[in-house]
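# sequence plus predicted model, see below.
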Amino acid sequence: MTKEKKDSAPIVQPIVEKAIQRYGASQDELIPILNDVNREIGYLPGEALDEISRQLKLPKSQLFSVASFYRMLSTKPRGRHVIQFCENAPCHVAGGREVWQALVDELQLEADETSADGKWSLITTSCLGVCGVGPVLMIDDDLYGNVNPRMIPDILARYH
């Protein structure tokens, strides 16, 4: 999945409106609304948070708090491909540290960084929910289990 960054305000408002129409202008639907906007734009720009705040009648600080708590959401642009790496204990015990180091070495990125060319963002997460096949990583919507360091170059080569 390719994410194109759309930073201009005229594009943000219809995306926000579509998400709010889909879920309703309710505080209870804040996370799905933020998730839809994040997925469509690639992150949650200030203009989107302003518009959601206005339409849901919620303080922007509350939106920012939710957006910064959930790793699936971002308030800064991410790469076209987002790599989520599980750093929870089961993955760590199964060789996660070595897989993480292979990712860092291959991409020349640290946690929460995006490559200069905008291709990759590398983030850590506490769990991807498939502990039985750790170490685990997810690139965009693709899940990889039982990963070892030798697999990293081949996995990354699948993404253009």
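All right, it came through fine. Quantities reported herein were computed from a predicted structural model and do not represent experimental measurements.
# residue 67 and residue 43: what is the separation?
Computed as C-beta to C-beta, to the nearest Å, the residue 67 to residue 43 distance reads 9 Å. Every C-beta, even on glycine, is put in place using the N, C-alpha and C of the backbone.
# which neighbours do those two have in common?
Counting by C-beta atoms under 8 Å, 6 or more residues apart in numbering, the shared contacts of residue 67 and residue 43 are 74-75.
# now the helices for the chain?
Using DSSP state H, the helices of the chain run over 9-23, 30-41, 46-56, 60-69, 89-91, 97-107, 152-156.
# same list, these, but as TSV with mean pLDDT and distance to residue 134 please.
Output for the helices of the chain, formatted as TSV (pLDDT from 0 to 100; distance: least, C-beta to C-beta, whole Å):
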stretch	mean pLDDT	distance to residue 134
helix 9-23	89	33
helix 30-41	94	25
helix 46-56	96	34
helix 60-69	93	24
helix 89-91	88	4
helix 97-107	97	9
helix 152-156	98	15
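# columns distance to residue 118 on top of those, output as JSON lines?
Below are these laid out as JSON lines (distance: least, C-beta to C-beta, whole Å):
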{"stretch": "helix 9-23", "distance to residue 118": "18"}
{"stretch": "helix 30-41", "distance to residue 118": "14"}
{"stretch": "helix 46-56", "distance to residue 118": "19"}
{"stretch": "helix 60-69", "distance to residue 118": "20"}
{"stretch": "helix 89-91", "distance to residue 118": "27"}
{"stretch": "helix 97-107", "distance to residue 118": "13"}
{"stretch": "helix 152-156", "distance to residue 118": "15"}
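# how about residue 94, nearest residue that isn't a chain neighbour?
residue 134 (4.3 Å; C-beta to C-beta, 6 or more residues apart in numbering).
# correct me if wrong: that neighbour contacts residue 86.
Yes: look at residue 134 against residue 86 with C-beta atoms under 8 Å: they come within range, at 6.5 Å.
# quick one: which of those two has more around it?
Set side by side, residue 134 and residue 86 show more neighbours around residue 86, with 27 against 23, by other C-beta atoms under 10 Å.
# list the contacts of the more buried one.
By C-beta under 8 Å, 6+ apart, the neighbours of residue 86 are 96, 124-128, 134-137.
# buried only: go through those residues for me.
Taking 16 or more other C-beta atoms under 10 Å as the criterion, what is buried in the contacts of residue 86 is 96, 124-125, 128, 134-137.
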